[in-house]
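Enquirer: Need a 3D model of the sequence below.
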Amino acid sequence: MGYNEKIRIELEFWKRDMLKKPSLFGKITNGIQKKINGYIPDKVHSTITAAIKTMVQTVLYGSSYTTTSVPPQEMSLMHREALVKQKIENYGKTGAAEGGITGAGGFLMSMADFPILVGIKLKLLFEIAALYGFDVKDFRERLYILYVFQLAFSSREGGAKVFHKLENWEQELLLLPESGDNFDWLTFQQEYRDYIDLAKLAQLLPVVGAAVGAVANYQLIKKLGKTAMQAYRMRLLNKED
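Expert: Sure, this is the predicted structure:
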């Protein structure tokens, strides 16, 4: 079996998983999570909201993430993905180290971890996009990156909507605005906040914060990397079909 055939099979399993309806356990967990959100200090929610808004503006209009190395066009997909996996592992270790340090620093340091982690995740996505051969200076590619981010950290219902956008990206391109002014960053940040709060809440606690911060950051970055790989595989393979 060739490499392309192998990733096609993996992609089909991923697609099915993306479109699964929420399980009973998932619905219960979501309800618990919403209750937990109510106990989290407003200062934490405000920090996440501000970080997400800044992130969206930076991705759409900034230039700080565009300095990524571009691989040769003739590089094979297998070679590209080997480099992508290496990037995901490296960024996961960076996030883990950062989460451990801020988790050990108590409540205020843990709050600072949210925007730092967002920045690490975004830089990874720009690196992955470039490794797959896409021009991250293109405004439309930046929108794709935001949707990949949103897909990784959305609820089942929200994720299905974003998945359909990415699955039919060539059609979406015809409808995209010329600027990011209409991007729904409020929904974007709400989905992200709800997703990570449960995983990151314990980081605010004394004693265990460092260990939780390190593990949570590593797992969140790994999840983002895997989602990005499948999203770009889907895009590349759709062009071949």
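Enquirer: Could you point out the longest helix of the chain?
Expert: If you go by DSSP state H, the chain has its longest helix at helix 209-240.
Enquirer: what helices or strands is it leaning on?
Expert: On a contact count with 3 or more Cβ pairs under 8 Å, 6 or more residues apart in numbering; DSSP states H and E, helix 209-240 meets helix 3-18, helix 77-104, helix 107-131, helix 139-152, helix 156-167, helix 169-175, helix 185-200. Where you see a C-beta, it was placed from the backbone N, CA and C, and this is true even at glycine.
Enquirer: what's around the nearest residue to Val215 once chain neighbours are set aside, how many residues?
Expert: Nearest residue to Val215 in three dimensions, chain neighbours excluded: Ala96, at 7.2 Å (Cβ to Cβ, 6 or more residues apart in numbering). Residues within reach of Ala96, counting by other Cβ atoms under 10 Å, total 20.
Enquirer: Ala96 reaches Ala214, doesn't it?
Expert: Yes. With contact defined as Cβ atoms under 8 Å, Ala96 counts as touching Ala214 (4.4 Å).
Enquirer: Overlap of the contact sets of those two?
Expert: Common contact partners of Ala96 and Ala214 (Cβ atoms under 8 Å, 6 or more residues apart in numbering): none.
Enquirer: Past the helix or strand of the chain with the lowest mean pLDDT, which element shows up next along the chain?
Expert: Counting by mean pLDDT, DSSP states H and E, the weakest-scoring helix or strand in the chain turns out to be helix 24-39, with a mean of 56. Under the assignment DSSP states H and E, the closest C-terminal helix or strand after helix 24-39 is helix 42-61.
Enquirer: Report all helices and strands that that following helix contacts.
Expert: helix 107-131, helix 139-152, helix 185-200.
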